[in-house]
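Asker: predicted model, plus sequence, below.
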Amino acid sequence: MQLITDEEIMKNHDKPMIVALGFFDGIHYGHRVIIEETVRQARESNVLSGVFTFHPHPLKVLAPKRAPGLITALSQKRRILAEMGVDRLIVKAFTKEFAATDFRSFVQTYLVQYLKVKGVVVGEDFRFGKESKGDATAMKELGEKYGFTVTVFDTIRVNGVEVRSTLIRNLILKGQMDKLLTYLGRPYTLVGKVVRGDGRGHQLGFPTANLSLAVDYVIPDYGVYAGYIIVHGKRYQAVANIGVRPTFAKSDLSIEIHILDYSGNLYDEIVEIELIKKIRSERSFDSIDELVAQIKDDIVSTRQILSNDITAKS
Ligand SMILES: Cc1cc2nc3c(=O)[nH]c(=O)nc-3n(C[C@H](O)[C@H](O)[C@H](O)COP(=O)(O)O)c2cc1C
Ligand SMILES: Nc1ncnc2c1ncn2[C@@H]1O[C@H](COP(=O)(O)OP(=O)(O)O)[C@@H](O)[C@H]1O
């Protein structure tokens, strides 16, 4: 998959393309339907398939206080889209200046003049251009004017529920990872770098890799989760504590992962954790012995949960 960013967008691309437009945070089940249709149409018409997205999240620029936590970092979107067979990922830097572009000139300049778009695929709630004045109806009119097709999808439902990024975010916030799988189509995954902590994990007998997150992710409900960690492309069973470690009178957010049946140095490695199921809430223990006994129990629960895990890849 070819990545096209800012300056490269403003060139004349000669190969025609059918493009899905949106921020696509999470690339959840609904997004996948839109993107799969884009790839299908492109193959049928023998043109390139593309996803046109923005970075960072528009609200991060326009109203930072209202910006939601992210479900996917750009690097994750990139990998998922490549796996889906998308030919081009176009990432437009979202700036205040760009946000002031009239929706007609966005279409005329970016889609028609530079990208030679033959078709556009969007969800019914897609809004674009200055003050979000452009919508699906406007896109259809512009399609007729410039000669590209416009496919508009109603919001996709699963089990009668509309799948939206907000729904996914709320399930993460509530720690409902198993329910989330239905709507996201894969486990919630966070990318980060392993940094040094207080060195207490080894003393407890359970070393924990401390994750410094790559982006402002949606932070799951504080607690202990069974899941996996991916290191150098290899997947290990793991148990994660997400919270503030009240036992040690700490208050900053920490994401700590103990990897089952593993020893090795992970400092400075970029790793990915997949959260499969919440085991319990984080709590304060009266003694280290009690915490250690509970961690042992958490590990037993983790093994049991992962032995029944439908996402386990053998
Ligand atoms: C499975 C697991 C569960 C944990 N649960 C809690 C908890 O409920 N409350 C708490 O204060 N610390 C808990 N911890 C401890 C901290 O997350 C952390 O491992 C410990 O403070 C060591 O920190 P360090 O890596 O910075 O040395 C848990 C650790 C693990 C591995
Ligand atoms: N099974 C394991 N799970 C997690 N980290 C491990 C494991 N074995 C070794 N390590 C290493 O130990 C480090 C964590 O040890 P710990 O005593 O908790 O120190 P810190 O407080 O710096 O995180 C990890 O960052 C990793 O490099």
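Answerer: Ah, there it is. Numbering: from 1, shown residues only. Ligands and ions are numbered 1, 2, ... in the order given.

Asker: enumerate the residues of the stretch 101-250 of the chain near ligand 1.
Answerer: For the stretch 101-250 of the chain, the residues in contact with ligand 1 (C-beta under 6 Å from any ligand atom) are 197-201, 206, 208, 210, 224, 239, 241, 245-248. Any C-beta I mention is one placed from the backbone N, CA and C, and that applies to glycine too.

Asker: verify the stated contact: residue 41 with residue 121.
Answerer: Yes: assessed by C-beta atoms under 8 Å, residue 41 is found in contact with residue 121 at 7.1 Å.

Asker: among these two, which residue is more densely surrounded?
Answerer: residue 121 (28 against 18; other C-beta atoms under 10 Å).

Asker: doesn't the more buried one belong to a strand?
Answerer: Yes: Residue 121 sits within a strand when classified using DSSP: H, G, I helix; E, B strand; the rest coil.

Asker: give me the neighbour count for the closest residue to residue 99 other than its chain neighbours.
Answerer: Nearest residue to residue 99, sequence neighbours excluded (C-beta to C-beta, 6 or more residues apart in numbering): residue 62, at 6.0 Å. By other C-beta under 10 Å, 13 other residues sit near residue 62.

Asker: surely residue 62 is in contact with residue 96?
Answerer: Yes: with contact defined as C-beta under 8 Å, residue 62 reaches residue 96; the gap is 7.4 Å.

Asker: quickly run through the sheet partners of the helix or strand residue 210 falls within, with directions.
Answerer: Using DSSP states H and E, residue 210 sits in strand 209-213. Strand pairing for strand 209-213, using DSSP bridges, gives strand 188-195 (antiparallel), strand 254-259 (antiparallel).

Asker: how about it and ligand 2, touching?
Answerer: Yes: under the criterion of C-beta under 6 Å from any ligand atom, ligand 2 is reached by strand 209-213 at 209, 210.

Asker: what about the helices in this structure?
Answerer: 6-9, 29-45, 58-62, 74-83, 96-99, 103-106, 136-146, 165-173, 177-184, 200-204, 288-307 (DSSP state H).

Asker: where's residue 130 relative to ligand 1, distance?
Answerer: As judged by C-beta to the nearest ligand atom, to the nearest Å, residue 130 and ligand 1 stand 46 Å apart.

Asker: also residue 96?
Answerer: Note on residue 96: its distance to ligand 1, by C-beta to the nearest ligand atom, is 39 Å.

Asker: quick check: residue 67 touching residue 23?
Answerer: No: Residue 67 lies out of contact with residue 23 (C-beta under 8 Å); the separation is 11.4 Å.

Asker: more neighbours, the two?
Answerer: Per other C-beta under 10 Å, whichever of residue 67 and residue 23 has more neighbours is residue 23, with 18 against 15.

Asker: apart from its chain neighbours, what residue comes closest to residue 247?
Answerer: Leaving aside its chain neighbours, residue 247 sits nearest to residue 285 (4.7 Å; criterion: C-beta to C-beta, 6+ apart).

Asker: burial of that neighbour, as a residue count?
Answerer: 15.

Asker: from the residues of the stretch 101-250 of the chain next to ligand 1, which single one is nearest residue 166?
Answerer: Nearest to residue 166 among these is residue 224, at 25.8 Å by C-beta to C-beta.

Asker: how many neighbours does that closest one have?
Answerer: Neighbours of residue 224 under the rule other C-beta under 10 Å: 26.

Asker: tell me the bridge partners for it.
Answerer: Listed beta-bridge partners, residue 224: residue 241, residue 280 (assigned using DSSP bridges).

Asker: from what I can see it touches residue 255, true?
Answerer: No: judged on C-beta under 8 Å, residue 224 makes no contact with residue 255 at a distance of 11.5 Å.

Asker: chain center to stretch 265-285: distance?
Answerer: Stretch 265-285 sits 17 Å away from the centroid of its parent chain (C-alpha atoms, centre = their mean, to the nearest Å).
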